[in-house]
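Enquirer: sequence first, predicted model second:
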Amino acid sequence: MRIVLAFLFCAVVALPAWGAGFTGRVDGGVLAVAKADNLWGRGKNHIDSIHAKPKTVTHLYPIALVDLRYRAEGSANEFFLSTPPDEVGSVALGLKRTLGFGTATGALFYQFAGRVWENPYVTDREDTDNRIYGVRLGIEDMGPARLGITYRATLNDVDRDLIGDLSPDLERDGSTHRLTLSGKIEASREITVTPSVSYERGAADGESNRYHSGEARLSVGWRKGDLSLSGRVSGSYAGYDAVHPIYDQTRTEWGYGAGATASASNVAGLRNVSATLGVIWEQTLANIDFFGTRSTLAFGTIGYSF
């Protein structure tokens, strides 16, 4: 992941200036991750017990975010190539079109940074690739409440799914389907409130890895002049379809999260240069200790728009 992100960053910075109709932004910086997750393929490859809560590991990554766009003069269509900040380690290619009642977006994306364990239920594990392909379709900014509806689907392909070979109920290949409803409330000239609710269906090949989940999220943004602040809180619940064959229980999980970012543009009087700092905290409380998670992410970036 680090090599690919660094390559993307260097490649975009080296691009020549384009003519009218092209715009872009590139951000580079550092991401610090402190995460406890027994299923994460970048966690601890040795664990003391498959019945224990996960232990925290810390990683430091260079990161790059790229957003390149083209709109022909007078056209309602905008084409884009981007690394979506909410799809870590992915690249998206899509089209955004302005309609009379809102804005429609369609995109294909590929997540290249996924790692999982071949068999997470042993004390010494080997990691493997988890390739994720997806599509996102949505319509936003509809009506005075700026309502939005988004559908996101993914296909998951685990390279060496050893546990799935040993126990078909635990196969991890499959798909996910997520539907999100949102709105935007202009509380004042400077403040925007964005509530959203989501439903997700995880349709893995293994019955014990299939789930239904729901999430509610509330985000608040403030902007004045060159400064902007944002914060969000979220809560979620996931229930699985079948008894887990190793733990003889059906998984249930409650999740909580919060995050905040601060951004400044025209940093040090430099036009088109911006800086962003942020932190994200998340925790999952599971009825089976092995599946509980907690993570803290902190990041800082410098960006340039053109």
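Expert: Sure, I can see it.
Enquirer: A helix includes residue 163, no?
Expert: Yes: checked against DSSP: H, G, I helix; E, B strand; the rest coil, residue 163 lies within a helix.
Enquirer: tell me how far it lies from residue 306.
Expert: Separation of residue 163 from residue 306 (C-beta to C-beta, to the nearest Å): 47 Å. No exception for glycine: its C-beta is placed from N, CA and C like everyone else's.
Enquirer: for this protein, what spans make up the helices?
Expert: 2-13, 162-166 (DSSP state H).
Enquirer: tell me which of residue 163 and residue 306 has more neighbours.
Expert: Remark: of residue 163 and residue 306, residue 163 carries more neighbours, 23 against 12, as counted by other C-beta atoms under 10 Å.
Enquirer: for that one, what are its contacts?
Expert: By C-beta atoms under 8 Å, 6 or more residues apart in numbering, the contact list for residue 163 reads 117-121, 170, 172.
Enquirer: and residue 144, how many neighbours does it have?
Expert: 9.
Enquirer: lowest mean pLDDT across the helices of the chain, which one is that?
Expert: Across the helices of the chain, helix 2-13 has the smallest mean pLDDT, namely a mean of 36.
Enquirer: what is the burial count for residue 143?
Expert: Neighbours of residue 143 (other C-beta under 10 Å): 9.
Enquirer: pLDDT value on the residue lying closest to it once chain neighbours are set aside, please?
Expert: Residue nearest to residue 143 in three dimensions, not counting chain neighbours: residue 101, with 7.3 Å by C-beta to C-beta, 6 or more residues apart in numbering. Listed pLDDT for residue 101 reads 89.
Enquirer: and the gap between residue 101 and residue 34?
Expert: 44 Å.
Enquirer: burial count for residue 46?
Expert: 8.
Enquirer: ah, wrong one, I meant residue 27
Expert: 22.
Enquirer: then the one 4 residues further on?
Expert: When counting by other C-beta under 10 Å, one arrives at 18 neighbours for residue 31.
Enquirer: also residue 127?
Expert: Neighbours around residue 127, by other C-beta under 10 Å: 17.
Enquirer: residues in contact with the residue lying closest to it once chain neighbours are set aside?
Expert: Leaving aside its sequence neighbours, residue 127 sits nearest to residue 41 (C-beta to C-beta, 6+ apart; 4.0 Å). With contacts defined as C-beta under 8 Å, 6+ apart, residue 41 is in contact with 114-117, 127-128, 130.
Enquirer: kindly reformat those residues as JSON lines containing pLDDT and distance to residue 286.
Expert: Output for the contacts of residue 41, formatted as JSON lines (pLDDT from 0 to 100; distance: C-beta to C-beta, whole Å):
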{"residue": "114", "pLDDT": "83", "distance to residue 286": "21"}
{"residue": "115", "pLDDT": "90", "distance to residue 286": "21"}
{"residue": "116", "pLDDT": "95", "distance to residue 286": "17"}
{"residue": "117", "pLDDT": "96", "distance to residue 286": "17"}
{"residue": "127", "pLDDT": "95", "distance to residue 286": "22"}
{"residue": "128", "pLDDT": "95", "distance to residue 286": "23"}
{"residue": "130", "pLDDT": "93", "distance to residue 286": "20"}
